[in-house]
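Student: Fold the stuff below for me.
(4 chains)
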Protein chains: 2
Amino acid sequence: MVTATSARGRIDKRQAILEAAFTVFARRGYDQACVQEIAEEAGVAKPTVYNHLTDKENLFRHAVLAVADRVMAENLGVVERLREPGDDLRAVLEDVAYRLSRVCSSEQARALRSLAYGHAGRFPDLIDVVRERTSHRLREALADRLARLSLAERLRPCDPAVAADQFLALLTGPMEVRSHPGVHKVSAADTRVVANAAVDTFLRAYKPD
Amino acid sequence: MVTATSARGRIDKRQAILEAAFTVFARRGYDQACVQEIAEEAGVAKPTVYNHLTDKENLFRHAVLAVADRVMAENLGVVERLREPGDDLRAVLEDVAYRLSRVCSSEQARALRSLAYGHAGRFPDLIDVVRERTSHRLREALADRLARLSLAERLRPCDPAVAADQFLALLTGPMEVRSHPGVHKVSAADTRVVANAAVDTFLRAYKPD
DNA sequence: ATCAAATTGAACCAGCGAGTTCAATCGACG
DNA sequence: CGTCGATTGAACTCGCTGGTTCAATTTGAT
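Tutor: Model (predicted):
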């Protein structure tokens, strides 16, 4: 059996390769990204890349999926904050909205969407997986929480699925208008404004009574 | 000077090339689309393509911009219907919402966004132009109409810009969840449901009182 | 008919990048 | 120290595609 250090060494190298692959794919696109550059970015030789991940295609898939998992975990963690809302519903909604906005407009998440949607033609299955692990999972989790809130009469009776859709739409829609891709990231203050506006209209539409 | 018919003949061929270029770029992506295939799709020889549009890059830009202009025109036409709203505001909003959904989730519009966002890395300026001619123009036009409605006390006092953003978000957000790319298009009935739901929460949040 | 411009098909060049091979090197472990 | 496996760098093959050239042909106007 291989010793702990060497195994760890291998794992680290694989992670480094995947990490580098994602950043290079993100900045060049699939076709323009050459394996050579990925190898350099990872601080590794080209044959080593092919040693760990057989194809350029495999490399792409694994890199994208890894990031998708990370983003999904963050999103679910944020929504979990709605499990025990205090007496100030608006405050906790604003908090959740703000954090979700930050995650969804992070560099990683934006690059992820850009890659998946941009290469939908060549990797049709990949886009499904990405959507499943980001949008859908997030939608389901949020719908669960909203259902409980509705049942507890903190929100008016409604279809939790469409409420979740609309909440997320109110968040991400206005955000992506403000985020010129590549250039200056959206400021935290701006994000907060958008998040609060989203929560405001959401509550106007979904408050009890 | 060239006669009308020959000029028309040239124009037709140019249009055919641009049309073909867009469809091929849409289905293959920029890099995988070879000029040969575009020429075949247009029913034309390869040198003819280079005769009309110098570069592959130029070809791409012109093809994308042409479609962007078409989509923008459709969008603006739809919003124009809000200029004289009848006494049933909800009905006309639902109509506009439905038509906007159809346009924004049309094959052309989806391919357009996919192309622009997917190749944002290589053509940073192109994405700006596309956004300008679709999202921004639409946003502005809608904000204008909403401002008038607010002034006429058919909507509560509000910032027309954020109201427009949120209206569009409520529309397009839930739509793109339902549209698996490539496969079955969203049914008209489904679109109507989403549009009506969007108008319902929008009116709940923005009705006077 | 005739002339000029546009079009065509085919061949050709050049560059680029995926993927492979291989000898040299490194690093852990006994 | 010696061994074995992983890593490295460099060179190489190979296919593909953008872009060009050119002679032959078509098209359409006068």
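Student: I'd like the next helix or strand past the worst-scoring helix or strand of chain A on mean pLDDT.
Tutor: Least confident helix or strand, chain A: helix A:4-28 with a mean of 81, by mean pLDDT, DSSP states H and E. Later in the chain than helix A:4-28, the nearest helix or strand by DSSP states H and E is helix A:35-42.
Student: Who are the packing partners of that following helix?
Tutor: helix A:4-28, helix A:46-52, helix A:56-79 (3 or more CB pairs under 8 Å, 6 or more residues apart in numbering or on different chains; DSSP states H and E). Every C-beta, even on glycine, is put in place using the N, C-alpha and C of the backbone.
Student: okay, the second one in PDB with CA atoms only?
Tutor: I take that to be helix A:46-52. Extracted in PDB, the C-alpha atoms of helix A:46-52 (Å, rounded to 0.1, in the frame of the first residue of the first chain):
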ATOM      1  CA  LYS A  46       1.500  17.800 -19.300                       C
ATOM      2  CA  PRO A  47       1.800  14.000 -19.200                       C
ATOM      3  CA  THR A  48       0.900  14.100 -15.500                       C
ATOM      4  CA  VAL A  49      -2.400  15.700 -16.400                       C
ATOM      5  CA  TYR A  50      -3.100  12.900 -18.900                       C
ATOM      6  CA  ASN A  51      -2.000  10.500 -16.200                       C
ATOM      7  CA  HIS A  52      -4.700  11.600 -13.700                       C
END
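Student: ok so, going back, may I see the helices and strands packed on helix A:35-42 arranged in a markdown table, with mean neighbour count as well?
Tutor: Below are those laid out as a markdown table (neighbours: other CB atoms under 10 Å in any protein chain shown):
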| stretch | mean neighbour count |
| --- | --- |
| helix A:4-28 | 16 |
| helix A:46-52 | 15 |
| helix A:56-79 | 19 |
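Student: Out of the ones you listed, flag the one nearest residue B:62.
Tutor: helix A:4-28 (23.7 Å; CB to CB).
Student: Now do the closest residue to residue A:209 other than its chain neighbours, the pLDDT please.
Tutor: Nearest non-adjacent residue to residue A:209, counting by CB to CB, 6 or more residues apart in numbering or on different chains: residue A:156, 6.9 Å away. Confidence at residue A:156, expressed as pLDDT, is 98.
Student: Please apply the same query to residue A:121.
Tutor: At residue A:121, pLDDT is 87.
Student: what's it in contact with, if anything?
Tutor: Taking CB atoms under 8 Å, 6 or more residues apart in numbering or on different chains, we find residue A:121 in contact with B:26, B:27, B:28, B:29, B:32, B:114.
Student: can you tell me which of these lies nearest to DNA strand D?
Tutor: Checking the contacts of residue A:121 against DNA strand D with CB to the nearest atom of the strand, the nearest one is residue B:32 at 6.6 Å.
Student: Serialize the contacts of residue A:121 to JSON lines and add fields for distance to residue B:178.
Tutor: As requested, the contacts of residue A:121 are exported to JSON lines (distance: CB to CB, whole Å):
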{"residue": "B:26", "distance to residue B:178": "20"}
{"residue": "B:27", "distance to residue B:178": "22"}
{"residue": "B:28", "distance to residue B:178": "25"}
{"residue": "B:29", "distance to residue B:178": "24"}
{"residue": "B:32", "distance to residue B:178": "28"}
{"residue": "B:114", "distance to residue B:178": "16"}
